[in-house]
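Enquirer: Quick one: sequence plus predicted model below, questions after.
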Amino acid sequence: QVQLVESGGGLVQAGGSLRLSCAASGRTFSSSVMAWFRQRPGREREFAAAVRISSGSTVYADSVKGRFTISRDNANRTVRLQMSGLKPEDTAVYYCAAGRYIGYYKSNYDYWGQGTQVTVSS
């Protein structure tokens, strides 16, 4: 099992920045990919960004590309999501996920955190 705990959410004004963190524990060697998804009010959970643990290569959704940066700290088993240029439509619960195969679909990921709320005011 892998346990994931997110932190760093909060309230920010449009145009501002936030950094989310996800701390992983347990059998983390079974997961080669870490990702962030988000669930906006009234919508399905959607992919935001992912990173391969070994190489650091990244994938982003078009909606966040150029504004969000995902990174991993292997020594501390932490993945971060640096968000800048935030917009009200970025308001969502952000979830950390871990899996073996990088991809845009929830089914690619085996483990999930509880989520952290990000609210962007206009």
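Expert: That came through, no problem.
Enquirer: use CA for all of it now, contacts and neighbours both
Expert: Fine.
Enquirer: quick one: the spatially most central residue of the chain from residue 122, how far?
Expert: Nearest residue to the geometric centre of the chain (C-alpha atoms, centre = their mean): residue 36, 2.1 Å. Relative to residue 122, residue 36 is positioned 23 Å away (C-alpha to C-alpha, to the nearest Å).
Enquirer: swap in residue 87?
Expert: Taken as C-alpha to C-alpha, the span from residue 87 to residue 122 is 8 Å.
Enquirer: the more surrounded of the two?
Expert: The neighbour count for residue 87 versus residue 122, taken as other C-alpha atoms under 10 Å, is higher for residue 87 (17 against 11).
Enquirer: Dump the C-alpha coordinates for stretch 44-63 into PDB.
Expert: Backbone C-alpha positions of stretch 44-63 (Å, rounded to 0.1, in the frame of the first residue of the first chain) are rendered in PDB as follows:
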ATOM      1  CA  GLU A  44     -15.600  15.100 -13.000                       C
ATOM      2  CA  ARG A  45     -12.100  14.600 -11.600                       C
ATOM      3  CA  GLU A  46      -9.700  15.500 -14.300                       C
ATOM      4  CA  PHE A  47      -6.000  15.100 -15.000                       C
ATOM      5  CA  ALA A  48      -3.700  18.100 -14.400                       C
ATOM      6  CA  ALA A  49      -0.100  16.900 -14.400                       C
ATOM      7  CA  ALA A  50       2.100  13.900 -14.000                       C
ATOM      8  CA  VAL A  51       5.800  13.100 -13.500                       C
ATOM      9  CA  ARG A  52       7.900   9.900 -13.900                       C
ATOM     10  CA  ILE A  53       9.700   9.300 -10.700                       C
ATOM     11  CA  SER A  54      12.900   7.900 -12.300                       C
ATOM     12  CA  SER A  55      13.400  10.400 -15.100                       C
ATOM     13  CA  GLY A  56      11.500  13.400 -14.000                       C
ATOM     14  CA  SER A  57       9.800  13.700 -17.300                       C
ATOM     15  CA  THR A  58       6.400  15.500 -17.200                       C
ATOM     16  CA  VAL A  59       3.000  15.600 -18.800                       C
ATOM     17  CA  TYR A  60       0.500  18.400 -18.500                       C
ATOM     18  CA  ALA A  61      -3.100  19.000 -19.400                       C
ATOM     19  CA  ASP A  62      -3.600  21.800 -21.900                       C
ATOM     20  CA  SER A  63      -5.600  23.800 -19.300                       C
END
